[in-house]
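>>> coordinates only, no sequence provided:
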């Protein structure tokens, strides 16, 4: 199972919105509504941000949203804040009943 | 409060074995699948495998990179999940995270990770 494809880096200024893409195939992202997103700050464990394409865990800021079109899922962060600077990973269920991550995207807040 | 605490990491020679443990608290472990995820130094996340809860058969699935070498098991009476790693390779060097898996597809709680270094 090949890793999902994410841009290596994205950047934005405080207050702006950014979108991170996650591209797979019809055997993973495109075939199931089971895409999740994780935020990881340096030296810390990842944290769940979005699950099942567009659902937010309880208590998470509504500045984070998820969507999917075809084989590509997206994470959008609106009203960018300094603390959003982190690595972001997508993950998907696959037709082999396994799970696969994207390569990760480094978000820089300018 | 849900907590996952990994233990058992360390330095091991190539070809040897190591067993990691994940001690869970704050929830009924038997009701959930558990999964292991690793992260090589400076690299991204890689899913290793999972074990379903016993009501769902307690079945396991593994990434191709570890299949046949790694085994996940669970002892619900002790609230512990295990990752048995055999025939270790230098490429297995990573921080190993224990996670709670909400089947089929998302990891809602993570431990802080334990570092495994495979080197001679």
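Great, that's in hand. What you are looking at is a predicted structure, and each value in this text was computed from that prediction instead of being measured. Numbering: from 1, shown residues only, chains lettered A, B, ... in the order given.

>>> every contact and neighbour count from this point should use C-alpha atoms.
OK.

>>> now the closest residue to residue B:9 other than its chain neighbours: which helix or strand?
Nearest in space to residue B:9, with sequence neighbours left out and distances taken as C-alpha to C-alpha, 6 or more residues apart in numbering or on different chains, is residue B:116 at 4.9 Å. According to DSSP states H and E, residue B:116 maps onto strand B:114-118.

>>> show me what that strand is packed up against.
Contacts defined by 3 or more C-alpha pairs under 8 Å, 6 or more residues apart in numbering or on different chains; DSSP states H and E place strand B:114-118 against strand B:10-12, strand B:94-102.

>>> what's opposite the residue nearest the centre of chain B in the beta bridge?
Among the residues of chain B, the one closest to the centroid is residue B:36, at 3.0 Å (C-alpha atoms, centre = their mean). Beta-bridge pairing for residue B:36 (DSSP bridges): residue B:49, residue B:98.

>>> contacts only, for it.
Contact analysis of residue B:36 by C-alpha atoms under 8 Å, 6 or more residues apart in numbering or on different chains lists B:47-50, B:83, B:96-99.

>>> export those to a markdown table and append columns for pLDDT and neighbour count.
Output for the contacts of residue B:36, formatted as a markdown table (pLDDT from 0 to 100; neighbours: other C-alpha atoms under 10 Å in any protein chain shown):
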| residue | pLDDT | neighbour count |
| --- | --- | --- |
| B:47 | 98 | 21 |
| B:48 | 98 | 26 |
| B:49 | 97 | 23 |
| B:50 | 97 | 29 |
| B:83 | 98 | 23 |
| B:96 | 98 | 27 |
| B:97 | 98 | 26 |
| B:98 | 98 | 30 |
| B:99 | 98 | 27 |
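
>>> out of these, which one sits closest to chain A?
residue B:47 (6.2 Å; C-alpha to the nearest C-alpha).

>>> tell me the SS of that closest one?
Following DSSP: H, G, I helix; E, B strand; the rest coil, residue B:47 is assigned to strand.

>>> quick one: residues contacting it.
By C-alpha under 8 Å, 6+ apart, the contact set of residue B:47 is A:99-101, B:36-38, B:63.

>>> how about CSV for the residues you listed, with secondary structure and distance to residue B:13 added?
Output for the contacts of residue B:47, formatted as CSV (DSSP: H, G, I helix; E, B strand; the rest coil; distance: C-alpha to C-alpha, whole Å):
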residue, secondary structure, distance to residue B:13
A:99, strand, 29
A:100, strand, 28
A:101, strand, 28
B:36, strand, 21
B:37, strand, 21
B:38, strand, 18
B:63, coil, 22
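
>>> can you show me the strands along the chain?
I went with chain A, as the question did not name one. Remark: strands assigned in chain A by DSSP state E are A:9-12, A:18-23, A:35-40, A:47-50, A:64-69, A:72-77, A:86-93, A:99-101, A:105-109.

>>> other chain: chain B
Under DSSP E, chain B gives strands at B:3-7, B:10-12, B:18-25, B:33-39, B:45-51, B:60-62, B:70-75, B:80-85, B:94-102, B:106-110, B:114-118.

>>> list the neighbouring strands of the second one plus their orientation.
Okay, so that is strand B:10-12. strand B:114-118 (parallel).

>>> tell me the mean pLDDT for the strand it pairs with?
Across strand B:114-118, pLDDT averages out at 98.
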